[in-house]
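Asks: Sequence first, predicted model second:
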Amino acid sequence: MPAGADPTPNTNAPWAHDPQVLAGWQALDCALPAVRPVFEACAHEAIARLSPSSLQAFWQGGRQLGKLGRGADPVLAWLTYWPEVVEALGESDAEQAFEAVMALLLRMHKSPNSAAMAHLLTSLGPVAQRLGGLSVLQAYLHTVGHFMDRTTGSIHGRQATLPSAGLPELLLQAPRLLQTLSLSGWQAWVDFGARAYAHHPPQQEDYFALRSPDSLAVLQRERHGILLRDVERTLGLSLQAMWQLQAHVLPLPTAQVSAEHGVQAVSVLPCLLLESTDKGTSYAMGLPDVLDARDGVSALDRYRLMVMHMAGHIRWSTPCIADNWSPMQRLAVEWFEDTRIDWLLIRIWPGLRHSLLALYPPVQEGGCNEATHACVLHRLSVWSRSVLDERFVVQDPQLREWRERFMALVDGQAQGVGQGTEADQVSTAQVAQLALQFVARTRRPSDAQAQVHFEHTQVDWRDDNRHLWQFIEDGDEEDTAPSPTRLADEELHSLPPQLYPEWDYLAGSERPDWVRVFEYLHPPARADDIDQLLLRHAALSKRLQRLLDQLKPQGRTRERHLENGSELDLDVALAAHIDLKTGHTPSHRVEQHIQPVERDVSVQLVMDLSASLNEKAPGSDQTVLQISQESVALLAWALHQLGDALAIGGFHSNTRHDVRYMHIKGFEEPWADPVKARLAALEPAYSTRMGVAIRHAARTLIKRQSTKKILLVLTDGEPSDVDVTDPNYLMHDARQVVHSLQAQGVFVWCIQLHPAHEASVRHVFGDHCTLVDRMGQLPETLASLFFKLTR
């Protein structure tokens, strides 16, 4: 018995005369003052919920925790939450779970992480209820223990002295995350954070507290259900086949994170966005990024119903002027128009009926209390269901009347659908007038209530109807909008960053949205500086001109035996004339088409602009940057002479949060003074995060229609950055990017300017690299390499 504890029962305690509670207090043998006030309530609950054998283990576990000397928090958490674990697992499995939990608690006690013992016990009850089995709970405990070992720090490298920064947050978030993720998904999320932030305690804490974008990105990746990206192509083909429409699909996040509630799944309304361009109207459909099966309807069918509904709006709906209508009137118009679209979908494609009715909310008449709530949404939902479901009969005479009036209005449209003609007999304006009459005739005093009845009023597949409205009068926003001049001045700094993944070779997967790339137009300097650099290579330019003359297309291609060509083929025409005179059937393919042979090459040059380019080149009074500028200028001049498309960009990085990509020349820009001025203004700085720069540069190159696509990388070092400690990490990422581009038909080649890093460059690019031993030969080497690649 610990010092200071009374060996005899306390007869003044209110539970001293309860034999079971008293026996439990004696078995617990705890002298902590904070435990006594809550013991009776915990004991009564445990006695009511646990069997005698489980109750004995319960007191034993509390006794062990009380003797560890870690305060009252672990004991209180054990007394409060362990009965919940036993009920979730069952008596037999709880005995084995008891041993695993106590073993992990003892490991935490002997480590700097003893403060997290109470967090583990607090989260264990809801985690056990969610997992519902011994084996998965043991896997959960193993993951927690493994994470603790990986993230516990040491000052001198011999003994663990620094607690894991992310362990308390991990345990606090586990119950909510396991409501969203499977156990394997949660384990992948934990593993990613442990690998990425093992040596960065503040970032580790933010990751496991769900305060960092990286944490949310991995969370979205690991969520169960069907991802939109997996069915995007299927939905696009459905639109093309059934509606002859093309629309861009935008994923909308379905997880919401708050400091109070952590991660929660939220309901997301689809949305339809329209944009008018010179080529017509383009469409974008916003859909939830992930969906599960629901009410017997697969996730793919739910996505398909959303897409079909929005396509119906595109085909049959027209915008209405909303300025003079009240919110209630607009609400009714939206419900009537949505019902018309759904009714038409069922008439044209009867196979949608099952999914549509299964997903429709189970609204019933009388489900809204008009004494306390505004029931207009409830009435509209009941009316809409009565139109779509013939088996659903409403008793309200007003709702029956408006159902009949609606059916009479769309009856002509139904006949047009049945005959296979365009269903345009009923317009949105006619439906809107009917909806306005509905609001006026069915309005009730309860509609003015402050509380609105929302239950069973949100229809799964319907969008937010923003496309239905036009507002003629501007709001107050134009008074505070910046002027066009101000926008032009600030456009460079207001461009949002592009997020790119990065390959983690240890995990064998990508880190989603891991790197931020800021692209901007490089500021200019003096174009004359580039012209002066080119004067140094006048002799080389003359030699290159002779090579250019050889590369320029000289021949022509002729396609013969055509019905409709560009000119008459005299040889074939003469043969046809002879056949005609001799009584044979002449050929009517007597024309030909002749066109000159043209080069079809697109080249993207990516320049490494890290700080090392400021160094002097060996054996030269020029810096590596100046020689690189000469080489790039000479190559740009040569491609301009050939007529090949060339784009030039430079990059440097200062951690993964700040990778800068400088636009120097675009594919459609000519080789002229503006481009030369940008090239002359280059200033090296920071580090070389090569993989993401290649990803960003190749994005435009891949979209080119050229037969040959070449990406050249000009660098003097190996991939590196200040926030990466593993020397192989960025090298493997760049290698992964190069292999991916080569699989897409892009020819990637590296020009290495420093022999010390040849091994790492060959690991990334393989044999597709050229080492320049003497910097003075770089201009000639770069030009001749290009001619070799494009000959």
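Replies: Looks like it arrived, so ask away. Residues are numbered from 1 along each chain as shown.

Asks: What are the buried residues along stretch 58-72?
Replies: Across stretch 58-72, burial judged by 16 or more other C-beta atoms under 10 Å covers 58, 59, 61, 62, 64, 65, 66, 68, 70, 71, 72. Yep, even glycine has a C-beta here, placed from its N, CA and C like the rest.

Asks: So residue 121 sits against residue 84, correct?
Replies: No: using C-beta atoms under 8 Å, residue 121 makes no contact with residue 84, being 10.3 Å away.

Asks: ok, those two, which is more surrounded?
Replies: residue 121 (25 against 16; other C-beta atoms under 10 Å).

Asks: ok, back up a step: helices - which of the buried residues of stretch 58-72 land there?
Replies: Members of the buried residues of stretch 58-72 lying in helices (criterion: DSSP state H): 58, 59, 61, 62, 64, 65, 66.

Asks: which one of the residues you listed is nearest residue 169?
Replies: Residue 169 lies nearest to residue 65 out of these, by C-beta to C-beta, at 22.3 Å.

Asks: what are the ranges of the helices in the stretch 1-150 of the chain?
Replies: In the stretch 1-150 of the chain, the helices defined using DSSP state H, counting those that start in this stretch lie at 19-28, 36-49, 52-66, 73-89, 91-109, 117-131, 134-151.

Asks: For the first one, enumerate the helices and strands it packs against.
Replies: Spelled out, that is helix 19-28. Applying 3 or more C-beta pairs under 8 Å, 6 or more residues apart in numbering; DSSP states H and E, we find helix 19-28 packed against helix 36-49, helix 52-66.

Asks: where in the stretch 551-700 of the chain is pLDDT low?
Replies: Within the stretch 551-700 of the chain, the segments meeting pLDDT under 70 span 551-557, 595-598.

Asks: Recalculate using a threshold of 80.
Replies: Along the stretch 551-700 of the chain, segments meeting pLDDT under 80 span 551-559, 566, 593-599, 617-622, 642.

Asks: how much space between the closest residue in space to residue 109 that isn't next to it in sequence and residue 447?
Replies: In space, and not counting its chain neighbours, residue 109 is closest to residue 68: 5.2 Å by C-beta to C-beta, 6 or more residues apart in numbering. To residue 447, residue 68 is 63 Å away according to C-beta to C-beta, to the nearest Å.

Asks: and if you look at residue 339?
Replies: According to C-beta to C-beta, residue 339 and residue 447 sit 20 Å apart.

Asks: Residue 497 and residue 520 touch, don't they?
Replies: No: using C-beta under 8 Å, residue 497 is not in contact with residue 520, being 10.6 Å away.

Asks: Which parts of the stretch 101-250 of the chain are strands?
Replies: Listed in chain order, the strands found in the stretch 101-250 of the chain under DSSP state E, counting those that start in this stretch are 226-227, 247-252.

Asks: Same check on the stretch 501-650 of the chain?
Replies: Taking DSSP E, counting those that start in this stretch as the test, the strands found in the stretch 501-650 of the chain are 509-521, 556-562, 567-568, 591-596, 601-608, 645-653.

Asks: between the ones you listed, which gets nearest to residue 580?
Replies: With C-beta to C-beta as the criterion, residue 580 lies closest to strand 567-568 of the strands of the stretch 501-650 of the chain, at 15.5 Å.

Asks: Just send the strands of the stretch 101-250 of the chain back as CSV, with distance to residue 603 too.
Replies: Output for the strands of the stretch 101-250 of the chain, formatted as CSV (distance: least, C-beta to C-beta, whole Å):
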stretch, distance to residue 603
strand 226-227, 36
strand 247-252, 29
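
Asks: For the residue nearest to residue 640 when sequence neighbours are not counted, give its distance to residue 678.
Replies: Spatial nearest neighbour of residue 640, chain neighbours left out: residue 671 (3.8 Å); criterion: C-beta to C-beta, 6+ apart. Residue 671 sits 12 Å away from residue 678 when distances are taken as C-beta to C-beta.

Asks: Which one's more surrounded, the two?
Replies: Applying other C-beta under 10 Å to residue 671 and residue 678 shows that residue 678 carries more neighbours, namely 23 against 20.

Asks: Give me the secondary structure label for residue 282.
Replies: Three-state assignment for residue 282 (DSSP: H, G, I helix; E, B strand; the rest coil): strand.

Asks: May I ask you to confirm that it is in contact with residue 314?
Replies: No: the pair residue 282 / residue 314 is not scored as a contact, 11.1 Å apart, by C-beta under 8 Å.

Asks: neighbour count winner among these two?
Replies: Set side by side, residue 282 and residue 314 show more neighbours around residue 314, with 17 against 13, by other C-beta under 10 Å.

Asks: shouldn't that one be in contact with residue 284?
Replies: No: judged on C-beta under 8 Å, residue 314 makes no contact with residue 284 at a distance of 11.3 Å.

Asks: tell me how far the ends of stretch 365-385 are from each other?
Replies: Using C-alpha to C-alpha, to the nearest Å, the end-to-end distance of stretch 365-385 comes out at 11 Å.

Asks: quick one: buried residues of that stretch?
Replies: 365, 368, 370, 373-385.

Asks: Tell me which of the strands of the stretch 501-650 of the chain sits nearest to residue 233.
Replies: strand 509-521 (19.8 Å).

Asks: before we move on, the earlier item: wait, which of the buried residues of stretch 58-72 is closest to residue 506?
Replies: Checking the buried residues of stretch 58-72 one by one against residue 506 (C-beta to C-beta), the nearest turns out to be residue 70, at 34.8 Å.

Asks: Right, I'll leave it there.
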